[in-house]
Each structure stands twice: as structure tokens, then as C-alpha cells.
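In: heads up, no residue letters with this:
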């Protein structure tokens, strides 16, 4: 499989291949280029309900291909403010634009100061990807 | 280490390899969705060399096979085949298989890769009589499937044989790339097509198999032939309402529950599992296999619970998103009271209960060049494409070989 993945520097990453971007006092969450590439052909996104309270690394929903289901874990604790409803009709946006139009939810963070340092920046996520793809 | 098939090099170069039933095989080449569309709209080629193949030969072969399988082997004319089941004494399904009578005293039995050792040991345990021989030729036969509306044209291009001259489930000796092969008009996709067997070619000496594979690819090139992986194979068989061993049938499932009575010939004098199957048929099963489609968004998956109100009454045995019908579909086991077409229940998908409706199987099947069956209902291809537009656009052939 291809070895080069898009790893933008304006977001933080989890080991489960989600990203989180700080936008004012809110956080936008999605899955990474590596995640969409491993799933291939996303056909369905099971979105959380607005108002859902999540703890860090609790499941927000799923991103599904024809044969596979991947949980989307919340990189941070907080409350779901908004979900990307466009994905109901165009789940393939997760493949086409994982860091843009394929975003999944907007979250009001609860404990960002404590949780953010535990997430990876682009450089460490790149190293992390290198390690897991080399294993294969 | 996982085993390889004769055309492993092709998988390595073009596919995304996974381990399946102990074999390294491609789960997809271009992608599950384009591969499904390719088979539905023109044609696809599958490497199914991992499957188990056994030759039973001699005077005693017919009655031996008839004793161990549920369909009636004595009804097979030379050059014909049948779908059948191997059952244990309790009437549970040990495997589903096909039997082809390829000579007056010669039968080819084809079964699932994951059951190769189990089935072979079972055949031996049942002591083939001295007037026959039985041989496991799995490692010395390569097997490819060409499926889709253009499969017949591929066959014509590579062998000068017309597929329509071979009956459904019929067999024929053909030469491809100068190599003698067996052809059977069969498959696992709900499309017309054929499977081809290359004799006497081992994984160590695969040149004949590779030649046939390449010839088939070449013969289908202008028709947009596309290599198809295990992912699309599973989706296509499910769309066609066909069972997968380990998902939809297993040793704890009776043919009566699986609604496979049509391949169980209870009028045969005796066969392994007959009493148990008859007993359950008289008593009536407590669960039966149904096909269903989702009425709300959501994709059913194996082992999810089926609910009526708050009560779990059944389980999903296979589920997928159908690229051909653009909806979540599945098969599962429910109480007979819930099995009629139009009955509704919910499927437990994570923490949600998603509505589903029992439909007639197959979900999709090709009837002829211009006719398809969709949810058990026959319709013209044009009407079908209008209604299910996502599969209406034949995908552009982007095969890279």
C-alpha cells in the first residue's frame, strides 16, 4: 500500500488515527488520511447525536466501508456541538477530504489543557505512522 | 506461513493481500465497489485456487458420494453438476459444495478452502469402498472464475467455445492457451459465467495456471475485465442470496433452518444426517434463514442481534452495504413467525435499533442478458438501472494489467 500520508501540521493526532483542530473555543474532529486510506471507499458514517457528552477516547460513532467498520474515538472530552450532516449523503468526503469537508463533529472541550499534551503533533504522528507501516 | 496460490505473483503486484483460510489472497485490487460494478456490468476474474478439490473415481464413486451428500448424485448425467451439502450425523451442515460428473465414473467435488482438511478427513473416515479411488487434487489444480454478462465473450475469445452451449451447471473440456482445462458454467456471484480448472499444475510449477490466467485477462481486456478480490466476492455472493460457510451455515445449522431443503433429497434411501433432517422438518425449526434490507440508514454486520420490540429474537449471519442496490442488506436467523416477506424487525447496530424488512431472496440476480431479479422480483435491465442509478453507470475499465 502507499507509504506517504497527508499529515497537516495544524491538528493534533491520536493513536487511533483521529485528528482534532482548535477553532476558537471549539474543536473540530475527524479521521486521518491514513485512516481513510486503510478503510478505502467509505460508504457510511454513523454520526453521534448533538448534545452527546463524551469522555476522551470514547466512541463518537463509526466510519464504515463495504466490509469494515472503524470506531471514531473522541480525541478529547467534551460535548458534541455539531455533526457533519453532509456525510449522510456524501460519506465519500471522508476519503476525498479527511481534514476538510470530511470532518465528523465539532466538540466543546472540557479539559483541553490536560488532554492536549497527551496527543501527538504532526511530527510524532508521522513517526508513529512510519513505525506501524514498517511493521506491515 | 500462509500458503500461496498459482498466481500469487499477480496478487503481489496488483492486489492488497490478506490471509484467508490459510492462503495469501487479494482482498481487493482496484476497490470492492468498482469490482462489484465491474462484475455486474461487464465481467470480473477471480482466483479461487484456494478451494478444495477432490476427484472420486470408479464404480463405487456415485453411491459413496450419494451416501455423504444431501442432493441426489444418481440424477447427475455425465457433464452435469449440482450444488449440495455435506452433513454430519446430527444433520448439521459440515460444508456446502458442488459435485460435477465429469466422466461416466468420474466426479469432481469442490468445497470451501477453510474446510479442506476437515472434509478430506471426513471422506476418508467414511471409508471409500475398494471399487473406487478418491484423491485430493487441491494442490495440483488451479481454479479461476469469470463472472458477469460478458463472461461468455471472454470464453469465446480464449477458446472458441460458446458459453450458451454449455448448460447451467454443465461441464465442458476446453483448451485455453493450448492447455487442456475443465469448464463448468457455475459461480458464486448471481451472474452468468464460468469456472475453469487447470489440471496438473502445482504452486511450485505454476506455469500452465499462469498462462491460462493471463490468457483470460487478455481475452477480456477490451471488455473491461477486472480482477476481483475476496471482498467483492463476498459482497456479490451475498447480493445473490448465497450462503457462506461459517457465516450463514455451519455444523450447528440444519438445511431445514438454512432453507436449503431444495438440495436435500429425503426420498434417497439413506444418507448421513437424513434422520436428523427429517426429524427437524417434521417438528418444524425454531429459526430460519431470511434475507432483509434496511429501511433506515445503517449497515448490518454479522452477529448483530435482531430485535422485535425490546426482545432479541435472532442474529445477523451476514451483512453488508450493497453497491449494486445502494442499501444495507443482510441474512440472518429469525423465528419462523417473523420470516415472511414484508415482516419487519430491528437490527441492533451499536446502540441503535435500525428498522429492517424481510425481502425475497435473491436480493439481486441476473436472469438473462436483459433481465434481472431484484428482491425476488423480475425486471428489465433498463428499469433496474433507472431505479438503482448508482450501478447504472458502467464503471470505466481501469484495469492495470
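Out: Received, thanks. The shown structure was predicted, so the numbers you read here are calculated from the model rather than taken from an experiment.
In: Contacts only, for the residue lying closest to residue A:124 once chain neighbours are set aside.
Out: Leaving aside its chain neighbours, residue A:124 sits nearest to residue A:13 (7.7 Å; criterion: Cβ to Cβ, 6 or more residues apart in numbering or on different chains). (Glycine included, C-beta is placed from N, CA and C.) Counting by Cβ atoms under 8 Å, 6 or more residues apart in numbering or on different chains, residue A:13 touches A:7, A:19, A:32, A:75, A:119-122, A:124-125, A:128.
In: any idea how far residue A:13 lies from residue A:33?
Out: Separation of residue A:13 from residue A:33 (Cβ to Cβ, to the nearest Å): 11 Å.
In: List, one by one, the residues from chain A near chain B.
Out: Chain A has residues A:1, A:40-41, A:43-44, A:46, A:59, A:62, A:64-67, A:69, A:88 near chain B, with proximity defined as Cβ under 8 Å from any Cβ of the partner chain.
In: ok, 6 Å please
Out: Selection of chain A residues close to chain B by Cβ under 6 Å from any Cβ of the partner chain yields A:41, A:43-44, A:64, A:66-67.
In: longest helix in chain A, by residue count?
Out: Using DSSP state H to assign secondary structure, the helix with the most residues in chain A is helix A:122-135.
In: my guess is residue B:17 is in a helix, correct?
Out: No - going by DSSP: H, G, I helix; E, B strand; the rest coil, the assignment for residue B:17 is strand, not a helix.
In: That one against residue B:24, yeah?
Out: Yes - using Cβ atoms under 6 Å, residue B:17 is in contact with residue B:24, at 5.1 Å.
In: residue ranges with poor pLDDT in the stretch 1-150 of chain B?
Out: Across the stretch 1-150 of chain B, not a single residue meets the criterion (pLDDT under 70).
In: how about the helices of it, start to end?
Out: With helices called from DSSP state H, counting those that start in this stretch, the stretch 1-150 of chain B shows them at B:8-14, B:32-41, B:61-68, B:116-125.
In: related to what we said a few turns ago, most surrounded residue in the contacts of residue A:13?
Out: Ranked by neighbour count (other Cβ atoms under 10 Å in any protein chain shown), the contacts of residue A:13 have residue A:75 at the top, with 29 neighbours.
In: Chain neighbours aside, what residue packs nearest to it?
Out: Nearest residue to residue A:75 in three dimensions, chain neighbours excluded: residue A:20, at 4.1 Å (Cβ to Cβ, 6+ apart).
In: follow-up on the earlier one: determine which two of the residues of chain A next to chain B are furthest apart.
Out: Spatial extent of the residues of chain A next to chain B (Cβ to Cβ) is set by the pair A:44 and A:67 at 11.8 Å.
In: where exactly do the helices run in chain A?
Out: Here chain A has its helices, by DSSP H, at A:33-39, A:86-89, A:93-96, A:112-115, A:122-135.
In: of all the residues of chain A next to chain B, which comes closest to residue B:113?
Out: Closest approach to residue B:113 among the residues of chain A next to chain B (Cβ to Cβ): residue A:67, at 18.0 Å.
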